[in-house]
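>>> Sequence first, then the predicted structure, then my questions.
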Amino acid sequence: MEITRAGHKPHKLANPDYFTGRVWQELIVEAQEPARVRALRVTFEPGARTAWHTHPLGQTLHVVSGVGLVALRDGAPQVIRPGDTVWIPPGEEHWHGAAPETMMCHLAIQEADDDGHVADWLEHVSDADYGRAPD
C-alpha cells in the first residue's frame, strides 16, 4: 500500500501543444504494472480546453467543480456539471474543457495500453467548434 498525502504532488501547467488556454494538471495516480490506471485532476480556466484527441482504451471524466463542455467530432458540445460522469469509448475523437465564463475541474481517468500509451493528440479545437451552441 502507498499513501500520498494531500499537497505532496505538484500542479503543473498543461502542455500548450495539447491545450488552448491555461490548464492545470495534478497527477493523482499512475499505477505500477501490471495495473494500467492513470488519473489526473485537471482544472481549466474559463474558455480553456483540450485539443481533439482519442484514447486507446477509453477515458472517464468526472466533474468536480464548475461548468464544462465536452464534444465529439461533428457534434455540438454538451454541458457538464459537478457530479456528472462522462465515458468516452476507445478511439472516439473528442475534446473537453471549461465553459466560456467559468472554470471547470474534472478527474480524468484512463488506462495505458501495452506500450504505456494513453492518448493520441490531434489538432487544436477551433474557436468555431468551441463556440457552437451546446445541445
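Great, that's in hand. Residues are numbered from 1 along each chain as shown.

>>> Surely residue 85 touches residue 61?
Yes - counting by Cβ atoms under 8 Å, a contact exists between residue 85 and residue 61, whose distance comes to 6.9 Å. In short, each C-beta sits where N, CA and C put it, glycine included.

>>> Which one's more surrounded, these two?
Of the pair residue 85 and residue 61, residue 61 is the one with more neighbours under other Cβ atoms under 10 Å, namely 21 against 12.

>>> Quick check: beta-bridge partners of the residue nearest the centre of the chain?
Residue closest to the average C-alpha location in the chain (Cα atoms, centre = their mean): residue 108, at 5.2 Å. With DSSP bridges as the criterion, residue 108 is bridged to residue 40, residue 61.

>>> ok, it - contacts?
Going by Cβ atoms under 8 Å, 6 or more residues apart in numbering, residue 108 touches 39, 40, 42, 59, 60, 61.

>>> TSV for those, including pLDDT?
Listed next are the contacts of residue 108 as TSV, based on pLDDT from 0 to 100:
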residue	pLDDT
39	96
40	96
42	98
59	98
60	98
61	98
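
>>> Closest to residue 53 out of the residues you listed?
Checking the contacts of residue 108 against residue 53 with Cβ to Cβ, the nearest one is residue 59 at 8.9 Å.

>>> what's around that closest one, how many residues?
23.

>>> do the same with the one 5 residues further on
Residue neighbour count, defined by other Cβ under 10 Å, stands at 14 for residue 64.

>>> Show the contacting residues for it.
Residues near residue 64 by Cβ under 8 Å, 6+ apart: 41, 82, 105, 106, 107.

>>> List buried residues within those residues.
Among those, those scoring as buried are 41, 105, 106, 107 (criterion: 16 or more other Cβ atoms under 10 Å).
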